[in-house]
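Chemist: below are the sequence and a predicted model for it; my questions follow.
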Amino acid sequence: MIRKAKQGLYDLLRRSEKYTKTDMVYFFMSNVWFNLGRVIAIASGLILTTAFANLFSPELFGTYKYVVAAASVVGAFSLNSMGGALMRAVAQGKQHVVPALVRTMMLWSVPASLVSTGIGGYYFLQGNSTLGYGFLFIAVFNIISNGFGLAKSIIVAKGDFKHSFFYSIPRLLFPIIVIVATLLFTQDVVWILAAYFFSNALGSWVQYLWTIRRFKITGSNQDVSETITFGKHLSALGFFLLVSGQIDQLLLFHFSGGTELAIYALALAPVLETRNILDNVLSILFPKLAAKEKNDAKQSLSLRLRQLTISAILLTGIYIACVPFLFTFLFPKYLPSILVSQALALMILFQPRGVIDSYIVAHGEVKKRYIAVLSSQAVEFILFCALIPFFGLWGAVWATILSEAGASLSLYMIYKTL
């Protein structure tokens, strides 16, 4: 009975390929494992967010989110996008570059960690020990997390989604368990931040060790220089992506305080998790694009864009309808976040642009990516700086939506020239 059901499903997927123009068996199986992992990630994130929303005051939660956002900005001064270069190399059969790239990533993280140490010292002198310790934690764990965090790029590039799912469970659950356990025992932000940084760094290290063993990766200097050069180009662009991606939270904390930041962060978190459903498709698509000849990969973009656009519209509608129930039952202290979250859900509509970005990265179109990223991030930075100081929370919301629209327009214009 089970065998017949499997065969029937297999036949159905194969027949559907004449409409979808893709390997549906590969897509279905990859998506199953990706979505199982996403379910666990969403559930874990929901548990953590619920714990923060109900055990932490909005002001303290806002302080925690400020330090986490600052950690991303500090990480932006390292080779922040080496993962993209590593994915491209591994997808092309050059996995031997991994150890050298990890060492390079750690080395380039040292200057940013030194700067973070200096910022921590400044906060101590100002009498703010909470932020002082926060930036010291960033300095210590920035090097570890940046280096060993490359493991997830290897797994995606290999397309080994089944084993990735099973081995990602401890990586997802361990930080959640540590942070929630800490929340139950203390309201001290310093201890919560220590739990966050330590658990994530340890999880990255363990996942890296498993990945090296799973794929029997041994180091070699061949192709390393070319991959690092490409990674530096991506990181120069990634700097603007990471900084602009966190500037909203940094400015909101500075101009409106921790409570407003908490409302915004809680409204944004489920939107990003929902949008990650479409990111699963992009992750599955990337190895296929990287392995194809440039012209063959280009010809498939139009169909993929249409497919992802339809999915994004449906996903946005479902989210807007469901989010009031989510907040009413799980986050009763944050009911003002409902309307904010529904507005931010418009971000999902612009996610299909990731198909174009995946093609650009997969085929080393560095110049085009510079144009897309620099133009869109400049617009985003200007919008945040212009709107947040005057309009606070809603300034951040509309700046976020408008910047997403601008980024999509920029990539679409590049798509028309491919």
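Modeler: That came through fine.
Chemist: near residue 187, how many other residues are there?
Modeler: The number of residues packed near residue 187 is 12, by other CB atoms under 10 Å. Every residue, glycine included, has its C-beta placed from N, CA and C.
Chemist: thought it was touching residue 59?
Modeler: No - if you go by CB atoms under 8 Å, residue 187 and residue 59 don't touch, sitting 11.1 Å apart.
Chemist: quick one: low-confidence residue ranges for the stretch 51-200 of the chain.
Modeler: Along the stretch 51-200 of the chain, the model assigns pLDDT under 70 to residues 155-168.
Chemist: ranges for the helices of it?
Modeler: In the stretch 51-200 of the chain, the helices defined using DSSP state H, counting those that start in this stretch lie at 58-75, 82-91, 98-125, 129-148, 151-158, 161-185, 189-214.
Chemist: turn those helices into a markdown table, including distance to residue 344 and mean neighbour count.
Modeler: Shown next, in a markdown table, are those (distance: least, CB to CB, whole Å; neighbours: other CB atoms under 10 Å):
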| stretch | distance to residue 344 | mean neighbour count |
| --- | --- | --- |
| helix 58-75 | 15 | 21 |
| helix 82-91 | 26 | 25 |
| helix 98-125 | 29 | 18 |
| helix 129-148 | 26 | 22 |
| helix 151-158 | 25 | 22 |
| helix 161-185 | 23 | 17 |
| helix 189-214 | 23 | 19 |
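Chemist: format the ones you listed as CSV; extra columns: distance to residue 305.
Modeler: Converted to CSV, these look like this (distance: least, CB to CB, whole Å):
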stretch, distance to residue 305
helix 58-75, 29
helix 82-91, 20
helix 98-125, 31
helix 129-148, 32
helix 151-158, 21
helix 161-185, 23
helix 189-214, 32
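Chemist: between those helices, which gets nearest to residue 327?
Modeler: Nearest to residue 327 among the helices of the stretch 51-200 of the chain is helix 58-75 (13.8 Å), distances taken as CB to CB.
Chemist: how far is that closest one from where the chain is centred?
Modeler: Put simply, helix 58-75 sits 16 Å off its chain's centre (CA atoms, centre = their mean, to the nearest Å).
Chemist: where's residue 278 relative to residue 104, distance?
Modeler: 31 Å (CB to CB, to the nearest Å).
Chemist: I meant to write residue 91 there.
Modeler: Remark: distance between residue 91 and residue 104 (CB to CB) = 19 Å.
Chemist: also residue 244?
Modeler: The gap separating residue 244 from residue 104 is 25 Å, by CB to CB.
Chemist: and what of residue 343?
Modeler: Residue 343 sits 41 Å away from residue 104, going by CB to CB.
Chemist: and what of residue 315?
Modeler: On the measure of CB to CB, residue 315 and residue 104 end up 37 Å apart.
Chemist: between the helix or strand containing residue 409 and helix 82-91, how many degrees?
Modeler: For residue 409, the host element (DSSP states H and E) is helix 366-415. Comparing the axes of helix 366-415 and helix 82-91 via axes from the mean of the first three to the mean of the last three CA atoms, to 10 degrees yields an angle of 90 degrees.
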